[in-house]
Structure formats: C-alpha cells, structure tokens
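**Q** show me how the following folds:
(chains A and B)
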Amino acid sequence: MSSTQVLIAIIGLTAITVITRGFFLLSEREWPLPAWANRGLRYAPLAALAAVIAPEVLLTDGALIDGWRSPRLFAALAGTVYFWWQRGILGTIVVGTATMLALKLGLGW
Amino acid sequence: MNSREEFARGMREIAGPSFGISAWALVTGVAMIKSGLTMPLAMLMSLAVYAGSAQLAALPLIAAAAPLWVIWATAACMNLRFVIFSAHWRKYFGQLPRARRLALMYLTADLNYVLFVRRFPDPKPAPEQLPYLLGSIAWSWLSWQIPALIGIALGDRVPTEWELGFAGVLALLGLAYSTLSGRNSWIAGIVAAAAAVAAVALPLKLNVVVAIAAGVAAGVLLDRGWPITAEARR
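**A** Numbering: from 1, shown residues only, chains lettered A, B, ... in the order given. Okay, the predicted model is just below:
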C-alpha cells in the first residue's frame, strides 16, 4: 500500500471509531429500547469482557489449546487466584504476567 | 458534589487496570511498525484511531494491501461492541450537546465504560458523572498513547515472544471479576465466554458480538426467573 492509501485507511478507521462509539448518541431523538433490552444492558460490560478474554486464554490459532502446558492458561489461573485473594487488579496483572514470563523464559514452554 | 474529587476518583479507579492496557499499547505500537507502517503513519494511527483491537485487526490487512472496504468492515465489526455500549451511554449523556457528547464518546474505550457503569449502576444522569468520566479518559488516553509511541519508537527492539500484550488480557480479567455481582452475572459471563469460544470461526471477530448477545440474553432470562417456567411459579 502507498502512504496515501494507508492515510486514507487511517482516516476511515478514525471515522469508524467516532461512529461506533457514538452510535446511539448521533441522533438528537431518543431511540426507545424495549424494557428487557434496557435491563439487559447492565450485563453488556461483563459479557464483552468475557468475550474478549476467553478466546485469548483458551485458544491458539483458532483451536482449543492442546494439553495443559499453556503459559497463558497458567497466567490466567494465577491472576484469578490473586484476584479472589486480594481483590486488586494491578496485582492480578503483575502476578499473571510474572507467571507467564517464568513459564516462558524459565521453563521454555 | 466536588468535581475535582470525582475527576481524581475517575483517574484513581482506572490507574490499576491501565497498567495492563499500557503493555497492550506498547505491543500495538510495535505491531504497527512491524507491519510496515512508517513512523509518522503509525503515530497518526495511534493518536487518531485510538482503538487497539480495531488497529490490531486492521494491521495485517494493511500489510497485505487488502481493499479499503475490507479493512474498514473488519474494524467496524471489531467495534460493534461500542455500538451496544453507546445505547447505554445515551442514558447518561444523551442530554449533552451533540458535538460534546460525540467528542466524549470518541475518547471512551472499554475500560472507561466498564468502570463508569460499575461506579454509576443506575442509568440516570447525575452531576458527578462528567468529571468522573473526564478523569477516567484523561488517564487512559495518556496510559495508552505514551506506551504506544514508545512501542513505535522501539519497534523491533521489543521482544514479541514474551507476549507482553497478555498483560492487557489480565487487566480485563481482573476488571471482569470486579464487576461480578450475584449468581446471574456469573452465569451471564460464563455463557458469553463459552459463546465467544464456540463462535470463534466466524469472520471479522463477530464472535464477540454473538457472545455479548448470548451473555445479555442469558442475564435477561435469568432475571425473569428462567429456567423455572411461569406455570411452576404459579
């Protein structure tokens, strides 16, 4: 791709960020949602997080991880144990990342 | 209400999770250089697009010189979750002038959304909300852009085999745990996770949208007393 084409791609991608993040705020008129959808929205943050996390932990190249020697799986487990012990997100990141690096660099998984 | 206190609270509550997101930003910066973007274009992409998952999905397509519409369609699908979030945002910020609310939403990423809804579970406007969100997005903008620019500058010198970007997933994991409240939310989360894995073969990362729909549907059904039928309740 030429630099001009990449530039056009980036301008379009910026517009997509603006439109998707502001989608239901573009119109001045309220779009009434059915009551069940309004209540359901409170599950949206958690569902989106789970949808992003689960494939990253459980899949490699689109297939379920093969066997138990997966640094990502152990990193997620270590992070999970830390979270329910101490309830800190920063600690969850540190413990999980340290576990992954130890398994990858220390044990060569 | 003290605006400055809410602004500080917005920053404080995102500070912990943002460390993982910073690692993710660093990796995204490196990925932009590795996929052949020049340094000025990579910087522009990071500063203007400001949507990590859409950027990461678009990069291999740009490197392979895919048609523009394919690049844009992929990014739009990656961002469909924001469309769902925006229906929720409307209840808090729908009354702001259009230019202001769109500018605010442009800067509002996943982390800001999840933390905001945790802080203000009742979907009604309140004066504390704007300063809280501004503090949240100011901190997350800096904690994304600074490491992304470092990643762009370092390029190949960051070892990708360490998978440092997984720190971002761990941040989201901690955040997901912190939003769990009650049995129904656990089940909705597990349903969404299972759906995302089961539907992973869908193109354009549509599995994320399917999973959100499944998780929300599970939550709604459980709130209505499912699986106990209406007759059994009578």
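
**Q** and the residue of chain B that's closest to chain A?
**A** As assessed by C-beta to the nearest C-beta, chain A sits closest to residue B:215 within chain B, at 2.8 Å. Any C-beta I mention is one placed from the backbone N, CA and C, and that applies to glycine too.

**Q** any idea how far residue B:47 is from that residue?
**A** Counting by C-beta to C-beta, to the nearest Å, the gap from residue B:215 to residue B:47 is 32 Å.

**Q** same check on residue B:8?
**A** Residue B:8 sits at a distance of 25 Å from residue B:47 (criterion: C-beta to C-beta).

**Q** and residue B:64, by the same measure?
**A** Counting by C-beta to C-beta, the separation of residue B:64 from residue B:47 is 24 Å.

**Q** which of those two has more neighbours?
**A** Neighbours were counted for residue B:64 and for residue B:47 using other C-beta atoms under 10 Å in any protein chain shown; residue B:47 has more, 15 against 12.

**Q** check contacts around the more buried one.
**A** If you count contacts by C-beta atoms under 8 Å, 6 or more residues apart in numbering or on different chains, residue B:47 has them with residue B:145.

**Q** ok, then the element right after the helix or strand containing residue B:89?
**A** The secondary structure element spanning residue B:89 is helix B:80-93 (assigned by DSSP states H and E). Moving toward the C-terminus from helix B:80-93, the first helix or strand encountered (DSSP H and E) is helix B:98-106.

**Q** heading C-terminal from that next one, find the next helix or strand.
**A** Sequence-wise, the next helix or strand downstream of helix B:98-106 (DSSP H and E) is helix B:110-119.

**Q** report the mean confidence score over that following helix.
**A** Mean per-residue pLDDT for helix B:110-119: 92.

**Q** tell me the buried residues in it?
**A** For helix B:110-119, burial by neighbour count (16 or more other C-beta atoms under 10 Å in any protein chain shown) applies to B:110-117, B:119.

**Q** among these, which are within reach of chain A?
**A** Within the set of those, contact with chain A (C-beta under 8 Å from any C-beta of the partner chain) is found for B:110, B:113-114, B:117.

**Q** tell me the two of those residues that are most distant?
**A** Checking those against each other with C-beta to C-beta, the farthest-apart pair comes out as B:110 and B:117, at 11.1 Å.

**Q** separation between the closest residue to residue B:117 other than its chain neighbours and residue B:43?
**A** Counting by C-beta to C-beta, 6 or more residues apart in numbering or on different chains, residue B:117 lies nearest to residue A:45, which is 5.3 Å off, once chain neighbours are set aside. When C-beta to C-beta is applied, the distance between residue A:45 and residue B:43 equals 30 Å.

**Q** more neighbours: those two, which one.
**A** Under the criterion of other C-beta under 10 Å, the comparison of residue A:45 against residue B:43 puts residue A:45 first, with 26 against 18.

**Q** which ones are touching that one?
**A** The neighbours of residue A:45, taking C-beta under 8 Å, 6+ apart as the test, are B:85, B:113-114, B:117-118, B:179.

**Q** count the residues that sit near residue A:37.
**A** Neighbours of residue A:37 (other C-beta under 10 Å): 14.

**Q** before we move on, the earlier item: can you classify the residue nearest to residue B:117 by secondary structure?
**A** What DSSP: H, G, I helix; E, B strand; the rest coil gives for residue A:45 is helix.

**Q** pLDDT at it, what is it?
**A** In the predicted model, residue A:45 carries a pLDDT score of 85.

**Q** cool, and residue B:199?
**A** On the pLDDT scale, residue B:199 is placed at 90.

**Q** that one contacts residue B:206, doesn't it?
**A** Yes: Residue B:199 is within contact range of residue B:206, at 7.3 Å (criterion: C-beta atoms under 8 Å).

**Q** ok, those two, which is more surrounded?
**A** Higher neighbour count among residue B:199 and residue B:206: residue B:199, with 18 against 15, using other C-beta under 10 Å.

**Q** so what's the more buried one closest to, chain neighbours aside?
**A** residue B:207 (3.9 Å).

**Q** what does residue B:104 give?
**A** The spatial neighbour of residue B:104 that comes closest, neighbours along the chain excluded (C-beta to C-beta, 6+ apart), is residue B:93 at 6.4 Å.

**Q** mind listing what the one you found touches?
**A** Neighbour list for residue B:93: A:25, B:101, B:104-105, B:125, B:129-130 [criterion: C-beta under 8 Å, 6+ apart].

**Q** stretch A:51-64 near chain B at all?
**A** Yes: Stretch A:51-64 reaches chain B (C-beta under 8 Å from any C-beta) through A:51-59, A:62, A:64.

**Q** where is pLDDT lowest across those?
**A** Comparing pLDDT over the residues of stretch A:51-64 next to chain B, residue A:62 scores lowest. The value there is 78.

**Q** ok, the residue nearest to it when sequence neighbours are not counted - contacts?
**A** With C-beta to C-beta, 6+ apart as the measure, residue B:200 is the residue that lies nearest to residue A:62, at 5.9 Å, once sequence neighbours are left out. Applying C-beta under 8 Å, 6+ apart, we find residue B:200 in contact with A:55, A:59, A:62, B:207.

**Q** how close does the closest residue to chain B within chain A sit to residue B:135?
**A** Using C-beta to the nearest C-beta, residue A:47 is the residue of chain A that sits closest to chain B, at 2.8 Å. Distance of residue A:47 to residue B:135, given as C-beta to C-beta: 26 Å.
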